[in-house]
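Chemist: Fold the stuff below for me.
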Amino acid sequence: MVLINSINIFARYLKNRKMGNLGVTEILLILLVVVLLFGGRKIPELMNGIGQGMKEFKKASRLDDENEKMSAEPKKDEEKK
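Modeler: Numbering: from 1, shown residues only. Modelled structure (predicted):
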């Protein structure tokens, strides 16, 4: 029951994001195809890899933002002089 409610919420989210008219049955069909392609044992490994990739991306973007801020600060100091 909780899974179906979660899928309904996800389907409404996708619909609000203009991702098309994905309903519960379409999402379940996609999940079934993923399970058939990768098998039940590989899915946790795939999700782990996706999670690590997202972490690395966020870390790199944070570092990039910090580097931009650091490079912008000396310019402000030079303008004051």
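
Chemist: From here on, just use CA atoms for contacts and neighbour counts.
Modeler: Will do.

Chemist: Identify the residue nearest the geometric centre of the protein.
Modeler: Met54 (6.7 Å; Cα atoms, centre = their mean).

Chemist: And the strands in the chain, which stretches?
Modeler: Assigned strands in the chain: none (criterion: DSSP state E).

Chemist: Can you check which helix is longest in it?
Modeler: helix 24-80 (DSSP state H).

Chemist: How far off centre is that one?
Modeler: Put simply, helix 24-80 sits 6 Å off its chain's centre (Cα atoms, centre = their mean, to the nearest Å).

Chemist: begin at 629 from here
Modeler: Sounds good: first residue 629 from here, last item helix 652-708.

Chemist: and Ala639, how many residues sit next to it?
Modeler: When counting by other Cα atoms under 10 Å, one arrives at 21 neighbours for Ala639.

Chemist: How about Glu684?
Modeler: 12.

Chemist: Tell me who's in contact with it.
Modeler: By Cα atoms under 8 Å, 6 or more residues apart in numbering, Glu684 lies in contact with nothing.

Chemist: Distance of it relative to Gly677?
Modeler: 11 Å (Cα to Cα, to the nearest Å).

Chemist: next one: Lys697
Modeler: Taken as Cα to Cα, the span from Lys697 to Gly677 is 30 Å.

Chemist: and what of Ile632?
Modeler: For Ile632, the distance to Gly677 - Cα to Cα - is 25 Å.

Chemist: Also Thr653?
Modeler: 27 Å.

Chemist: now swap in Met698 and tell me
Modeler: Shown here: Met698 relative to Gly677, a distance of 31 Å by Cα to Cα.

Chemist: Count the neighbours of Leu650 for me.
Modeler: Residues lying near Leu650 (other Cα under 10 Å) number 15.

Chemist: Let me see the confidence value for it.
Modeler: As predicted, Leu650 sits at a pLDDT of 71.

Chemist: In this structure it contacts Ala639, no?
Modeler: Yes. Counting by Cα atoms under 8 Å, Leu650 touches Ala639, with 5.9 Å between them.
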